[in-house]
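# Prediction below, plus the sequence it came from.
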Amino acid sequence: MARSAIYEKTVKRLTAYNLFDTQCIEEVARLAQEQSQFETYQQFFKSVDVPLEPTLFIAANGRGVPLVDIDARESKEKGVLVVHLPMGNSLDANQLYQIATLALAFPAHRIIAFGNPSGKPLAYKQENLSFVEWLRVAFTKKLRGLVSAELEYLTSQNIQNASHVGYSYGAHKALLCAYYADSTQVSKVMLVDPVAHPRYRRQLLKDFSSTFEPLGKYVNRTELQSYFDARADAAEQVKHSQGIRRPVNIAIGLMLARIDFISWVTATLSKHPKLRAAVAWGSKSELGNDAHMKASLHNLAYETAKGRVKMLRLQGDAHAFPNDVHLYAAIVLQSLK
C-alpha cells in the first residue's frame, strides 16, 4: 500500500518526540492511514467490533459500571488491555473512537474499557456512591469504592496479567485497580498525565478549566474526519456539564485535590513486586508539575523500583495531548514493549 499524506505526517509528528522506536512509529502511521479510509466512525467501529453503546455491569453490592469488552481479533490472544477514562467521561462516541483506535493498534489483545459517571443519556444511577462512600472517597485514603465494580467484573471474567492504561483521572483509576487487585491479575500500568500532586481545590478547578483551550489542536492534527464526527455527535448527545455535578464526581474532585500520585505509585509497586509501570506526562501540563515528575519518577526508576518504571516526557505538550489518538496509541505501544 502506497504511503498517504496522513501516514507521512504521523511519522513526522511522532518522530519529533524522540520517544518512540521506528517499529512503533510505523505501526501507528499505518493505523492512521487505515483509519482515514473509513467514511464514518460507525464503519470504523464495526471493523474492530466496537459496539455503539456500552453494557452496564452490576456488581453484587448493586454498584454499576458501564463497559465495552472487545475480543481479540487475532486467533491467538496475547493479553488484556484495560482502559480507564478521564473524569466525567462516559463511553460516548468520542471515547469509543479512542477505544477503537487502541483496538485497531492491538488486534491480538482483548480490550476492556470502563466508563465513568457522566450526564444523560449515559447517566446510570448505579454509578453513584452512597453518602458514606462519598465521604470516604472525598476525605480518606480508602478509595477502593471507586473501582470496586471494575475489579469485580475483571474477577468474574478471570482476567489475569492485565495491562491497565488510563489518562488523567483514568490514570488514577488504573493505579487504584492495580493497587487493590491481586498480584496475579495485573502486570503493567500505563499512567498518562495524572494530577501530579495535591493542590487547593480552587486551584485544581482552575487548572482543569485551563486544559480545554489547547485541546482542539491535538484533535485537529489527527486529520480524521470520522473522529471529528464522533466528537461532534458526542457533544450533541451527552450532557457532560450535568454529569460533572453528580455527587460522585464532586467526591472524585475532592480526592484529586489531595491525593499524592507518586506515593500511590510507590505503594502499588511495593505491594506488587513484579508490577511494571510507565508514566507519560506533558512538560507543560496544566495538571502536572514537570520538575516534580522528573525528580520523583527518576528516584522511582533508578532507586526505589529499579528497572520497573518507564518515563515518557512529552516536551512542550499540555494535558490534552492524548486527544491526539495516534500519539496516545504510540504511548501505549511503546509502554508495552
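Yep, it's here. Numbers count the residues shown, from 1 in each chain.
# Val80: neighbour count?
Other residues near Val80 come to 23 when the count uses other CB atoms under 10 Å. Where you see a C-beta, it was placed from the backbone N, CA and C, and this is true even at glycine.
# Skip the chain neighbours and tell me the closest residue to it.
When the adjacent residues along the chain are set aside, Val80 lies closest to Ala162, with 4.3 Å between them (CB to CB, 6 or more residues apart in numbering).
# Tell me which residues touch that neighbour, please.
Gly79, Val80, Leu81, Val82, Ile112, Leu154, Gln185, Val186, Ser187 (CB atoms under 8 Å, 6 or more residues apart in numbering).
# same for the helix or strand encompassing Leu102, what does it pack against?
Assessed by DSSP states H and E, Leu102 sits inside helix 93-105. Judged by 3 or more CB pairs under 8 Å, 6 or more residues apart in numbering; DSSP states H and E, the packing partners of helix 93-105 are helix 22-35, helix 41-47, strand 64-70, strand 79-84, strand 109-114, helix 225-237, helix 325-336.
# Would you pull up how far it lies from the middle of the chain?
Chain-centre distance of helix 93-105: 11 Å, with CA atoms, centre = their mean, to the nearest Å.
# how much does it deviate in direction from helix 22-35?
In this structure, helix 93-105 runs at an angle of 130 degrees to helix 22-35, with axes from the mean of the first three to the mean of the last three CA atoms, to 10 degrees as the basis.
# What remains of the contacts of Ala162 if I keep only buried residues?
Burial by neighbour count, 16 or more other CB atoms under 10 Å: within the contacts of Ala162 this picks out Gly79, Val80, Leu81, Val82, Ile112, Leu154, Gln185, Val186, Ser187.
# Distance check, the residue nearest to Val80 against Val11.
Ala162 sits 30 Å away from Val11, going by CB to CB, to the nearest Å.
# same question, Arg73
Shown here: Arg73 relative to Val11, a distance of 25 Å by CB to CB.
# how about the residue lying closest to Arg144 once chain neighbours are set aside, what does it touch?
Among residues not flanking Arg144 along the chain, Tyr180 sits closest, at 5.1 Å (CB to CB, 6+ apart). Shown in contact with Tyr180 (CB under 8 Å, 6+ apart): Arg144, Val147, Leu151.
# burial of the last one, as a residue count?
For Leu151, the neighbour count with other CB under 10 Å is 19.
# thought it was touching Tyr179?
No. Counting by CB atoms under 8 Å, Leu151 does not reach Tyr179; the two are 10.3 Å apart.
# tell me the strands in the chain, going along the chain?
Counting by DSSP state E, the segments of the chain that form strands are 55-58, 64-70, 79-84, 109-114, 162-167, 186-192, 276-282, 309-314.
# can you put those strands in CSV and add distance to Gln98?
What follows is the strands of the chain, written out as CSV (distance: least, CB to CB, whole Å):
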stretch, distance to Gln98
strand 55-58, 18
strand 64-70, 11
strand 79-84, 8
strand 109-114, 9
strand 162-167, 9
strand 186-192, 11
strand 276-282, 15
strand 309-314, 17
